[in-house]
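Asks: no FASTA, just this:
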């Protein structure tokens, strides 16, 4: 299956000169008053006129940023009944302000064939943060043996998962459905059995809770392993110029997780027409369904990158596998300092990769291999 800093003020910066109060001294803080006034005006303006840029929206807007981003790519042609119903439901969900929880949590969704090899490490990651996370395990082959109380009793009803087929998406949706039953779960991270955390829990929690987008890897690949997998049977609901690709490992905000649950129209299209050996093409729904779906219905609401580090530089069907000899302190340190999101395409004109500069970057875990 695919996968702290301190600063210190100098004493002279905070000491105030003693002595008689002379008029010239009163003029010194004027620039501070002007600066503070400017900042206040700026913040009030930003609140009254919410920014249309999603990155700025993280900081200045308390409302849902997707309302001020790129609009959904609804076609100008006449819609079918199913499309009209789907668009109304999606639009209403996007317009509805998210319910604020007094005890917001992150749902960690583990998609695994069986026992989790890094369960002890994840237990260390969770320790001391009880009440701020939930765990859900989907084991597709055999019942996992758990060693940590954080995982005991967290297995959900699971079905067989076949690599490259829609059953992979079904497992993702099954995990989301169970996690959505808890109204305190606000962020939903999909992880494989090969994932491990690169940052501490507080870093992960604060990063995700302070953002208003979902982290879904999404890019345009004009090569044979991108749009070359598109089937015209997806017409008219899914057009070729909307077809996108990305790693399956995501982090969804609650609003988007609900939309995934509500979708039947686009899911059905990918179920029937994106699968291995379809019209001589090998299409994999877990790489295309969510990137294409959110590119169409809420393109400004996703970050176009994942929170999971995966190395596709070898150009194979599976990402690079990291073995024990590869895991060094320098290697892990380098992963946490990555500033660019790299998408490797199959388009020969692009020569293998395209780079997207990031406003912020976060790596939650890496793919260890099978």
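Replies: Good, I have the coordinates. No experiment lies behind these values; they were computed from the predicted model shown.
Asks: what's near enough to touch the closest residue to residue 220 other than its chain neighbours?
Replies: Excluding its sequence neighbours, the residue lying closest to residue 220 (C-beta to C-beta, 6 or more residues apart in numbering) is residue 244, at 6.2 Å. (Each C-beta comes from the backbone N, C-alpha and C, glycine too.) By C-beta atoms under 8 Å, 6 or more residues apart in numbering, the residues touching residue 244 are 218, 219, 220, 221, 288, 291, 292, 295.
Asks: again with residue 129
Replies: Applying C-beta under 8 Å, 6+ apart to residue 129 gives the contacts 201, 202, 205.
Asks: Equivalent analysis for residue 118, please.
Replies: Neighbouring residues of residue 118 by C-beta under 8 Å, 6+ apart: 193, 194, 195, 196.
Asks: Just the strands from the protein, written as ranges.
Replies: 105-112, 133-139, 185-192, 251-253, 308-309, 340-344, 353-357, 365-366 (DSSP state E).
Asks: Including distance to residue 236 and mean neighbour count, could these go into JSON lines?
Replies: Formatted as JSON lines, the strands of the chain follow (distance: least, C-beta to C-beta, whole Å; neighbours: other C-beta atoms under 10 Å):
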{"stretch": "strand 105-112", "distance to residue 236": "32", "mean neighbour count": "25"}
{"stretch": "strand 133-139", "distance to residue 236": "34", "mean neighbour count": "22"}
{"stretch": "strand 185-192", "distance to residue 236": "30", "mean neighbour count": "24"}
{"stretch": "strand 251-253", "distance to residue 236": "27", "mean neighbour count": "26"}
{"stretch": "strand 308-309", "distance to residue 236": "33", "mean neighbour count": "23"}
{"stretch": "strand 340-344", "distance to residue 236": "28", "mean neighbour count": "17"}
{"stretch": "strand 353-357", "distance to residue 236": "29", "mean neighbour count": "11"}
{"stretch": "strand 365-366", "distance to residue 236": "38", "mean neighbour count": "24"}
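Asks: Looking at these, spot the one closest to residue 78.
Replies: Residue 78 sits nearest to strand 251-253 of all the strands of the chain, at 31.3 Å, using C-beta to C-beta.
Asks: I'd like to know which elements the closest one is packed against.
Replies: Other helices and strands packing on strand 251-253, by 3 or more C-beta pairs under 8 Å, 6 or more residues apart in numbering; DSSP states H and E, are strand 185-192.
Asks: Which neighbouring elements make contact with the strand it packs on?
Replies: Packed next to strand 185-192, using 3+ C-beta pairs under 8 Å, 6+ apart, are strand 105-112, helix 167-180, helix 201-209, strand 251-253, helix 254-262.
Asks: any idea how far the residue nearest to residue 220 lies from residue 172?
Replies: Residue 244 sits 17 Å away from residue 172, taking C-beta to C-beta, to the nearest Å as the criterion.
Asks: What of residue 181?
Replies: 16 Å.
Asks: Of these two, which one has the most company?
Replies: It is residue 172, of residue 181 and residue 172, that has more neighbours when counted by other C-beta atoms under 10 Å, with 25 against 9.
Asks: Return the residues in contact with the more buried one.
Replies: When contacts are counted by C-beta under 8 Å, 6+ apart, residue 172 touches 109, 111, 190, 248, 286.
Asks: What's the per-residue pLDDT of the last one here?
Replies: Model confidence at residue 286, given as pLDDT, is 93.
Asks: From residue 206, how far off is it?
Replies: From residue 286 over to residue 206 (counting by C-beta to C-beta), the distance is 29 Å.
Asks: Ok, the fourth one next?
Replies: With the distance defined as C-beta to C-beta, residue 248 ends up 25 Å from residue 206.
Asks: If you count surrounding residues, which of these two has more?
Replies: A side-by-side neighbour count of residue 248 and residue 206, using other C-beta under 10 Å, places residue 248 first with 26 against 11.
Asks: What is the neighbour count of the residue lying closest to the more buried one once chain neighbours are set aside?
Replies: Leaving aside its sequence neighbours, residue 248 sits nearest to residue 286 (C-beta to C-beta, 6+ apart; 4.2 Å). Neighbours of residue 286 under the rule other C-beta under 10 Å: 28.
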